[in-house]
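Peer 1: sequence? don't have it. structure:
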DNA sequence: ATGATACCAGTGGTCATACCACGGTTAGAT
DNA sequence: ATCTAACCGTGGTATGACCACTGGTATCAT
């Protein structure tokens, strides 16, 4: 009945289009008129009430769904939900991905998270966490000769470690940066796994870490993890001598010979 | 019939609808094929290329724009951008409106980052880092009686600490996370600052941390930071109660003899 | 030649309509 | 009473048209 009037009024208030819809929904969410679990009006009705097309409303809903403010369920409706830290993971994934020049530096974030998580784990971890860690440890042993599956099992163990810390934020951050590292680290493992004695080290060291967590000895666990990363980095460096094409190009910009190879590569 | 076949084919290729578009763009962004500043194809062309309608593509772009992965500019195009902190503010607003225990957990991420950063700082920090830390320390002393400016100075000191670690990833993560916590911590500081002796503690403790970094003593620095957060959390919990004063004296006393007592810490 | 102005092509922004796909409900068959 | 199938309301997608903004270009007056 007041469709025309409301449109004019909303325009006058600067609430036109997409921005207006987002502003309106934000207002509803923040003021508490829409609580978690509430169901929004159907898209068709809501779009009509706001005086915008259904498409624009949908764009706004998708945007809000991306940050976890609402959940859109096909065939059911749009439900107000509480943003959790997993949406932060999405954010950091994109944020870090654009810092391409320092992809290796992301390892520092991983170390930081794991170190704190293992401390927390020694305090908080429960039986379920121990079981999961034991299972992942078993997977490491089983896949020790397969570069790809082994690398995956390795990651899964550390993931379980962070999980045992019980901090949703750390878990979310870790999984997001882990996906970034997998790209560059998984392929190196094929070389790493060739190094003499590496398999025994991997199995033994992961087992020691596991035992330290079970013993709830934060000091030992922390120390083990420190060495774990140091040795891991060392192995990666050593293995790098075989196929260090990428590393060479980075550090040898002053060499004409290398420069020539680069050009040849690029021209081809 | 043909319609059915084409639908099946697209599904089989994993490029179905909205989710498929987001997945495609995510892949492009994370793999580095799309770098910051790049301009996406026009909506009409890109939607045609992906085999979806323009509306669906727009929903995906709006969603990515919400988390800051891209920037949509009317009359110009869609540009790849790097998510910044302001994006997180948006998320945080919604998260806070529904439930607030998320904040406390984010503190775990901050602790993790600072701990690793201070270790790195003890190895990597240069004169510029020392200078910056000294400057921020001076600011803490200067603003010790102003809750707002004091809280800001506190944050800036810790920021300089992480900066001294020299890891761009840690710096990026930290600045995002820290700004999130500022909201909830600043207001509490007004109470905290009232506690008897808190000012001396803040100045003294930050100074000790600074000295540990200059001395490049990672062990002491790490231990100091652990105490710093424990005491800080303790004060925040007891912000309303004046009984925290006594606890302060104990904690402050411990910090003075920490070097001779590193092993007798928190084994319950 | 120079500056300001008007124009135009390309881009995102919005709208309307039609139809498809999924989930929960309900009426029917067994 | 139970299971099955049709149904309805919801979100999901497609198409085509048109509007609004931006940036560059051509034109004009100085």
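Peer 2: Looks like it arrived, so ask away. What you are looking at is a predicted structure, and each value in this text was computed from that prediction instead of being measured.
Peer 1: Surely residue A:79 is within a strand?
Peer 2: Yes: according to DSSP: H, G, I helix; E, B strand; the rest coil, residue A:79 belongs to a strand.
Peer 1: I'd say it and residue A:68 touch.
Peer 2: No: using CB atoms under 8 Å, residue A:79 is not in contact with residue A:68, being 11.6 Å away. C-betas here are computed from N, CA, C, even on glycine.
Peer 1: who's more crowded, these two?
Peer 2: The neighbour comparison of residue A:79 against residue A:68 (other CB atoms under 10 Å in any protein chain shown) goes to residue A:68, with 20 against 15.
Peer 1: nearest residue to the more buried one other than its sequence neighbours?
Peer 2: Of all residues not flanking residue A:68 in the chain, residue A:83 sits nearest, at 3.5 Å (CB to CB, 6 or more residues apart in numbering or on different chains).
Peer 1: count of residues packed around the one you found?
Peer 2: Close neighbours of residue A:83, defined as other CB under 10 Å, add up to 23.
Peer 1: Check for me that it belongs to a strand.
Peer 2: No: checked against three-state DSSP, residue A:83 lies outside a strand; its state is coil.
Peer 1: so what's it up against?
Peer 2: Each residue near residue A:83 by CB atoms under 8 Å, 6 or more residues apart in numbering or on different chains is listed here: A:67-69, B:91, B:94-95, B:98, B:102.
Peer 1: For residue A:222, which residues are in contact?
Peer 2: Contact partners of residue A:222, counting by CB under 8 Å, 6+ apart, are A:115, A:118-119.
Peer 1: make that residue A:40, sorry
Peer 2: A:34, A:46, A:61, A:70, A:77-80.
Peer 1: one more time with 6 Å
Peer 2: By CB atoms under 6 Å, 6 or more residues apart in numbering or on different chains, the contact list for residue A:40 reads residue A:78.
Peer 1: Just to check, residue A:108 is in contact with residue B:167?
Peer 2: Yes: Residue A:108 is within contact range of residue B:167, at 4.1 Å (criterion: CB atoms under 6 Å).
Peer 1: Look at the closest residue to DNA strand C within the stretch 51-200 of chain A and give its secondary structure.
Peer 2: At 2.6 Å from DNA strand C, residue A:75 is the closest residue in the stretch 51-200 of chain A, using CB to the nearest atom of the strand. What three-state DSSP gives for residue A:75 is coil.
Peer 1: Packing partners of the helix or strand that contains residue A:137?
Peer 2: Here residue A:137 sits within helix A:127-142, counting by DSSP states H and E. With contacts taken as 3 or more CB pairs under 6 Å, 6 or more residues apart in numbering or on different chains; DSSP states H and E, helix A:127-142 sits against helix A:147-165, helix A:198-214.
Peer 1: for those, which one ends up most surrounded?
Peer 2: Greatest average neighbour count among the helices and strands packed on helix A:127-142 goes to helix A:147-165 (a mean of 21), per mean count of other CB atoms under 10 Å in any protein chain shown.
Peer 1: hmm, that helix in reach of chain B?
Peer 2: No: counting by CB under 6 Å from any CB of the partner chain, chain B is not contacted by helix A:147-165; separation bottoms out at 7.7 Å.
Peer 1: Stretch A:18-32: which residues count as buried?
Peer 2: A:18, A:20-22, A:24-26, A:29 (16 or more other CB atoms under 10 Å in any protein chain shown).
Peer 1: My error: substitute stretch A:223-232 in the last question.
Peer 2: Quick answer for stretch A:223-232 (16+ other CB under 10 Å): A:224-225, A:228-229, A:232.
Peer 1: Check stretch A:58-72 too.
Peer 2: Neighbour counts using 16+ other CB under 10 Å place A:58-70, A:72 of stretch A:58-72 among the buried residues.
Peer 1: residues making contact with that stretch?
Peer 2: A:18, A:21-22, A:78-81, A:83, A:87, B:58-59, B:62-63, B:66-67, B:91, B:94.
Peer 1: again, only using 8 Å
Peer 2: Applying CB under 8 Å, 6+ apart, the external contacts of stretch A:58-72 come out as A:18, A:21-22, A:25, A:29, A:40, A:43, A:78-84, A:86-87, A:90, B:18, B:55, B:58-60, B:62-67, B:90-91, B:94-95.
Peer 1: roughly how far apart are the residue nearest to residue A:68 and residue B:178?
Peer 2: With distances taken as CB to CB, to the nearest Å, residue A:83 is found 19 Å from residue B:178.
Peer 1: contacting residues for the most centrally placed residue in chain A?
Peer 2: With distances taken as CA atoms, centre = their mean, residue A:176 lies nearest the centre of chain A, 0.8 Å away. Residues near residue A:176 by CB under 8 Å, 6+ apart: A:89-90, A:92-93, A:96.
Peer 1: Let's have those residues in a markdown table, adding secondary structure.
Peer 2: A markdown table is the format used below for the contacts of residue A:176 (three-state DSSP):
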| residue | secondary structure |
| --- | --- |
| A:89 | helix |
| A:90 | helix |
| A:92 | helix |
| A:93 | helix |
| A:96 | helix |
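Peer 1: Quick check: of those, which lies closest to DNA strand D?
Peer 2: For these, the nearest to DNA strand D is residue A:90 (17.5 Å; CB to the nearest atom of the strand).
Peer 1: since we're on the residue of chain A found nearest DNA strand C, how many residues are nearby?
Peer 2: Proximity of chain A to DNA strand C (CB to the nearest atom of the strand) peaks at residue A:17, 2.1 Å away. Close neighbours of residue A:17, defined as other CB under 10 Å, add up to 16.
Peer 1: Hmm, it is touching residue A:53, no?
Peer 2: No: assessed by CB under 8 Å, residue A:17 is found out of contact with residue A:53, at 9.3 Å.
Peer 1: Give me the residue ranges of the stretch 1-150 of chain A where confidence is low.
Peer 2: Across the stretch 1-150 of chain A, the ranges flagged by pLDDT under 70 are A:1-15, A:85, A:100-103.
Peer 1: Tell me the residues of it that contact DNA strand C?
Peer 2: Residues of the stretch 1-150 of chain A found near DNA strand C (CB under 7 Å from any atom of the strand) are A:16-19, A:51-56, A:59, A:74-76.
Peer 1: let's see 10 Å
Peer 2: Within reach of DNA strand C by CB under 10 Å from any atom of the strand, the stretch 1-150 of chain A has these residues: A:3, A:7, A:10-11, A:16-21, A:43-44, A:47-48, A:50-60, A:73-77.
Peer 1: Tell me where chain A has helices.
Peer 2: Applying DSSP state H to chain A gives helices spanning A:3-12, A:17-31, A:43-50, A:54-66, A:85-97, A:106-124, A:127-142, A:147-165, A:168-185, A:189-192, A:198-214, A:218-240, A:245-251, A:256-267.
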